[in-house]
Every structure is written in C-alpha cells, then in structure tokens.
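K.L.:
When you get a sec, could you give me coordinates for this:
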Amino acid sequence: MNKDLTQGPVMRSMLLFAVPMILGNLLQQCYNIADTLIVSWYLGPNALAAVGSSFTLMTFLTSILLGLCMGSGAVFSIRFGQRDDEGLRESARASFVLIAALTVVLNAAAFLCLDGIQVFLRVSDQAIWQLMREYLAVIFCGIAATFLYNYFACYLRAIGDSVTPLIFLAVSAVLNIALDLWFVIGLKRGVAGAAEATVISQYVSGVGLGIFALIRCPLLRPRRGDVWVRWDRIREIASFSLLTCIQQSVMNLGILMVQGLVNSFGDTVMAAFAAAVKIDAFAYMPVQDFGNAFSTFIAQNYGAKQPERIRRGLRGAVLTSVLFSLAVSALVWIFARQLMALFVEAGEAAIIAEGVRYLRIEGAFYCGIGCLFLLYGLYRAIGKPGMSVVLTVVSLGTRVALAYALSALPAFGVAGIWWSVPIGWFLADLAGFVYYLRRGKGLLALPPQSTPS
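P.N.:
Numbering: from 1, shown residues only. The predicted structure follows:
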C-alpha cells in the first residue's frame with residue numbers, strides 16, 4: 001500500500017493518495033457528529049452546549065500533538081524521498097521519544113488546570129459547567145491515544161500508505177457510535193458516557209495502528225543498541241515539529257478565544273455555535289485533508305529534488321481546492337436550515353436561526369480556508385514551518401481582533417464574530433501567495449541531507 005509520490009501523473013497520484021485521508025476524516029467527523037446528535041437528542045440543549053465547548057477545547061489540546069506529528073511526518077517524507085532508510089529509522093525513533101514526553105506533560109497539565117477552564121472559556125452557567133467538567137474529566141484520559149494514532153498514521157502516510165490509517169479509524173468510528181448508544185441511552189451515563197465511548201474508541205485505533213505499524217514496518221522496530229537517541233535527530237525533528245505545533249496551537253488557541261467570546265453571548269448563541277461548528281468542520285474537512293496529502297506529495301518530491309513537479313502539483317492543487325470549496329459553499333448555503341435541524345429540535349427557532357446565519361456567512365468563503373491549508377502544507381513540507389506560523393498569526397490574529405471589535409458594535413453584534421473568520425482567511429492567503437511569488441525558485445532549493453550515523 002506504500003505509494004511513491006515522486007513518480008506518475010501529478011494530480012492523479014495526489015488525489016489517489018488524498019482520498020483515503022479524506023474518507024478517514026469523514027469517518028472521524030461522523031463519530032464526532034454522532035456524539036453531538038446523541039447528546040442533543042437524549043440529553044438536551046445544556047448538554048449540547050457543554051459538549052460543544054469541550055470539543056473546541058479538546059481540538060486545541062490535540063492540535064499540539066497533531067502539529068508535532070505532522071512536522072515529524074514532513075521529515076519522514078523527505079527521508080523517504082531521499083531513499084535514506086537509516087535516516088528515516090533514526091528520525092522516527094527521535095520523534096517518538098520527543099512527542100511521547102510532551103504528551104505526558106500535556107496530559108498532566110490538562111488535569112491540573114481543569115478547574116481553571118471555566119474562567120478561561122467564560123462559562124457563566126453553572127449547570128453547563130458541571131456537565132463540561134464531567135465530560136472533560138473523562139475525555140482527557142484519551143490524550144495518549146490521540147498521540148499514538150496520529151504518530152503512527154503520520155509515519156505510514158509519509159511512506160505513502162494512507163489506506164491503513166483509514167481502516168483503523170473506520171473500526172474506531174463504528175465502535176464509538178455503538179458505545180455512544182449503549183452508554184448514553186442504554187446505561188444512562190449522560191455526558192460522561194459519551195466521553196467514555198470516545199476514549200475507548202481512541203485507544204482501539206491508536207494501539208491497534210501502533211501494533212500494525214510495528215509488525216509491518218521493520219524500520220520502526222527497536223534494535224539491539226537502540227538505547228540512545230541522537231541529539232542531532234531530536235534537533236531536526238524539533239525544527240520541523242515545534243513550529244508546526246506552534247502553528248496548530250495558535251490556530252486553535254484563537255478558535256478557543258473566539259469560543260469564550262461566543263459563550264459570553266448566552267446559551268442560545270453557545271448552542272447554535274456548538275452545532276454549526278460541527279457542520280462547518282465537516283464541510284471544509286476534505287480540503288484540510290487534501291492539504292495534508294499535498295504536503296506529503298511536496299515533501300517526497302522535495303527530498304527527491306524535483307522542483308518542477310512541485311510547481312505543477314501546486315497549480316493543480318489550488319485549482320482543485322477552489323473548485324471543490326465553491327461547490328461545498330453552495331450546498332451549505334442552500335441547506336443551512338436543514339443541516340441545523342439535524343442537531344436542534346424544530347421548536348428551538350432562535351438557535352436554528354443563529355446557526356443558519358453563521359453557516360451562510362462563513363460557509364460562503366470555504367475557498368479561502370482551502371487555499372490556506374495548501375499553503376500550510378507547502379511551507380511545512382519544504383522546511384519553512386515558520387511561515388505557516390506567520391500565516392496562522394495573520395489569519396487568527398485578524399479573526400480574534402475583528403471578532404471582539406465587531407461584536408461590540410450594535411450594527412454587527414454576534415454576526416461580527418462570524419464575519420471575522422473569512423476576512424482572516426483571505427488576508428493570510430494573500431500573505432502566503434505573495435511570499436511564494438517573491439521568493440520564487442529559492443523556496444524550492446535542495447533539502448538538507450541526513451547526517452550519517
């Protein structure tokens with residue numbers, strides 16, 4: 001199932017590699033949505049608001065691990081393109097040690113700061129906070145599973161296997177939905193039951209994928225004498241991963257700050273945002289995964305010293321992403337009310353109306369975030385993750401500043417929060433493309449060679 005993206009038709013290779021990643025994330029979004037639907041239908045609006053706000057927080061925390069794994073994946077792809085097996089083996093070991101250590105620190109910090117989250121997210125309703133706390137106390141137990149799945153998935157994708165992570169995620173998604181129904185409806189365990197179902201499913205996919213990868217990939221298996229991790233490998237992984245981690249964290253911290261602002265507008269807006277953001281994430285998720293597949297394509301060809309193939313891939317990827325995003329925007333605009341009705345009872349007219357307004361403002365501009373994901377992938381793959389951080393600061397800095405400023409104006413109110421999002425996307429796109437055009441061929445200079453053992 002390994003695919004060499006340095007050979008064959010450019011767009012066909014990229015799309016075939018991207019499809020399993022897109023399907024995998026569709027499954028992940030499906031079981032996120034299943035959580036939301038079951039909680040909404042059987043536990044009520046307060047539980048929906050609590051789980052929705054918790055989801056935003058967990059997205060921020062897991063984005064730290066995801067950023068570290070994605071940065072490591074860029075190194076793995078470059079070494080794979082260079083056909084440097086020993087460099088790939090040492091980089092994989094260094095990456096595992098680094099990210100595992102940070103996972104332990106992150107997990108400990110999450111539990112220690114649990115009670116401070118209420119203040120940070122500005123959750124004034126004590127009933128909703130108690131539900132959030134109950135949910136988070138369980139869901140934090142799955143952080144280690146998130147690390148395992150994303151680490152091994154990024155390794156396998158870096159060597160061209162995007163199918164196996166999809167299979168394990170599919171098993172996890174089906175299991176999660178079944179456990180959700182059993183724990184929430186059958187055992188009546190409330191929001192804690194929904195969290196327990198998610199954590200069990202995460203460990204099934206994370207541990208299962210890890211065992212598979214160790215069996216199938218000899219380079220991942222420890223050898224006699226593998227006691228030490230070379231410092232230069234740690235430094236190389238850190239140079240790619242930490243900035244990618246910062247980029248992912250800044251992006252989701254900005255979203256978390258917006259969540260706090262949304263919460264300050266009361267339960268109706270909070271519940272509308274909780275439902276609409278799930279639809280939103282589902283709608284633009286394919287272009288996010290396409291951007292990640294594009295990044296692997298770029299990194300392999302960067303390692304293989306094929307700059308012209310990279311340029312052809314960039315042109316084709318931008319066109320594909322824009323066309324797909326426009327089609328999705330049209331569907332979300334037309335069916336916004338029906339989509340909200342999936343999560344909210346028909347009698348909750350105010351919640352539905354606010355969710356529809358969010359979707360019709362933000363959803364009209366998905367092409368902006370589609371291009372932004374491509375730019376993130378490009379700069380991560382060619383060893384310039386710092387530029388991804390810059391683009392994230394531009395996008396999220398604009399979003400947060402405008403959200404607070406516009407929402408304070410009577411003419412905008414809550415709609416000011418929604419309008420701040422596409423404005424931030426397009427400013428970041430402009431910065432990213434201008435930088436690429438100004439730097440020209442210098443951006444695609446030869447990658448650093450792996451240092452010998």
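K.L.:
From now on I want contacts and neighbour counts done on CA atoms only, so please keep to that.
P.N.:
Fine.
K.L.:
Quick check on I382: phi, psi?
P.N.:
When quoted as degrees, to the nearest 10, the phi and psi of I382 stand at phi -100, psi 20.
K.L.:
pLDDT averaged over the strand or helix carrying G397, what's the number?
P.N.:
Secondary structure from DSSP states H and E places G397 in helix 385-407. On average, the pLDDT along helix 385-407 is 85.
K.L.:
check contacts around L323.
P.N.:
C367 (C-alpha atoms under 8 Å, 6 or more residues apart in numbering).
K.L.:
Now the residue nearest the centre of the chain: which helix or strand?
P.N.:
Geometric centre of the chain, nearest residue: S63, 6.2 Å, by C-alpha atoms, centre = their mean. Element membership of S63 [criterion: DSSP H and E] is helix 45-82.
K.L.:
That helix - contacts with which helices or strands?
P.N.:
The contact analysis (3 or more C-alpha pairs under 8 Å, 6 or more residues apart in numbering; DSSP states H and E) places helix 45-82 against helix 10-43, helix 85-112, helix 126-139, helix 143-158, helix 231-263, helix 267-303, helix 366-381.
K.L.:
Identify the residues contacting the closest residue to G210 other than its chain neighbours.
P.N.:
Closest residue in space to G210, ignoring its immediate chain neighbours: F152 at 5.9 Å, by C-alpha to C-alpha, 6 or more residues apart in numbering. Contact partners of F152, counting by C-alpha under 8 Å, 6+ apart, are 209-210, 213.
K.L.:
Give me the buried subset of those residues.
P.N.:
209-210, 213 (16 or more other C-alpha atoms under 10 Å).
K.L.:
and which of the residues you listed is nearest F290?
P.N.:
For these, the closest approach to F290 (C-alpha to C-alpha) belongs to L209, at 21.7 Å.
K.L.:
OK, contacts around the closest residue to Y379 other than its chain neighbours?
P.N.:
Counting by C-alpha to C-alpha, 6+ apart, P385 is the residue found nearest to Y379 once chain neighbours are left out, at 5.6 Å. For P385, the contact set (C-alpha under 8 Å, 6+ apart) comprises 240, 243-244, 247, 376, 379.
K.L.:
Against V138, how distant is P385?
P.N.:
When distances are taken as C-alpha to C-alpha, to the nearest Å, P385 and V138 turn out to be 33 Å apart.
K.L.:
same thing with L175?
P.N.:
Between L175 and V138 the distance is 17 Å, computed by C-alpha to C-alpha.
K.L.:
what does Y284 give?
P.N.:
28 Å.
K.L.:
got it, and R360?
P.N.:
When C-alpha to C-alpha is the yardstick, R360 and V138 sit 34 Å from each other.
K.L.:
and if you look at R157?
P.N.:
Computed with C-alpha to C-alpha, the distance linking R157 and V138 is 30 Å.
K.L.:
neighbour count winner among the two?
P.N.:
The neighbour count for R157 versus V138, taken as other C-alpha atoms under 10 Å, is higher for R157 (26 against 18).
K.L.:
How about the contacts made by the more buried one?
P.N.:
With contact set as C-alpha under 8 Å, 6+ apart, R157 has these partners: 73, 296.
K.L.:
before we move on, what about G210?
P.N.:
Listed by C-alpha under 8 Å, 6+ apart, the contact set of G210 reads 148-149, 152.
K.L.:
Model confidence score at F212, please.
P.N.:
94.
K.L.:
winner for burial among the helices and strands packed on helix 45-82?
P.N.:
helix 366-381 (a mean of 26; mean count of other C-alpha atoms under 10 Å).
K.L.:
re earlier: just the contacts of P385: which has the poorest pLDDT?
P.N.:
Q247 (69).
K.L.:
Next, the buried residues of the helix holding S63.
P.N.:
So, applying 16+ other C-alpha under 10 Å, buried residues of helix 45-82: 45-82.
K.L.:
Ok, stretch 198-212 next?
P.N.:
Those buried within stretch 198-212 under the rule 16+ other C-alpha under 10 Å are 198-210.
K.L.:
could those go into CSV alongside distance to V356?
P.N.:
As requested, the buried residues of stretch 198-212 are exported to CSV (distance: C-alpha to C-alpha, whole Å):
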residue, distance to V356
T198, 28
V199, 31
I200, 34
S201, 32
Q202, 32
Y203, 35
V204, 36
S205, 34
G206, 36
V207, 39
G208, 39
L209, 38
G210, 41
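K.L.:
So which of those sit within strands?
P.N.:
When DSSP state E is applied, those are split such that none fall in strands.
K.L.:
which among those residues gets closest to L409?
P.N.:
Nearest to L409 out of those is T198 (C-alpha to C-alpha; 39.8 Å).
K.L.:
which residues sit in contact with the residue nearest to the closest one when sequence neighbours are not counted?
P.N.:
The shortest distance from T198 to any residue that is not its chain neighbour, by C-alpha to C-alpha, 6+ apart, is 5.7 Å, and that residue is N176. By C-alpha under 8 Å, 6+ apart, the contact set of N176 is 31, 197-198, 200-201.
K.L.:
what's the most distant pair in those?
P.N.:
The largest distance within those, taken as C-alpha to C-alpha, falls between Y31 and I200 and amounts to 12.9 Å.
K.L.:
quick one: low-confidence ranges for the protein?
P.N.:
Per-residue confidence of the chain (counting by pLDDT under 70) places the weak regions at 1-3, 31-33, 224-228, 247-249, 251-252, 440-453.
K.L.:
Was I right to think A100 contacts F147?
P.N.:
Yes: taking contacts as C-alpha atoms under 8 Å, A100 lies within contact range of F147: 7.4 Å.
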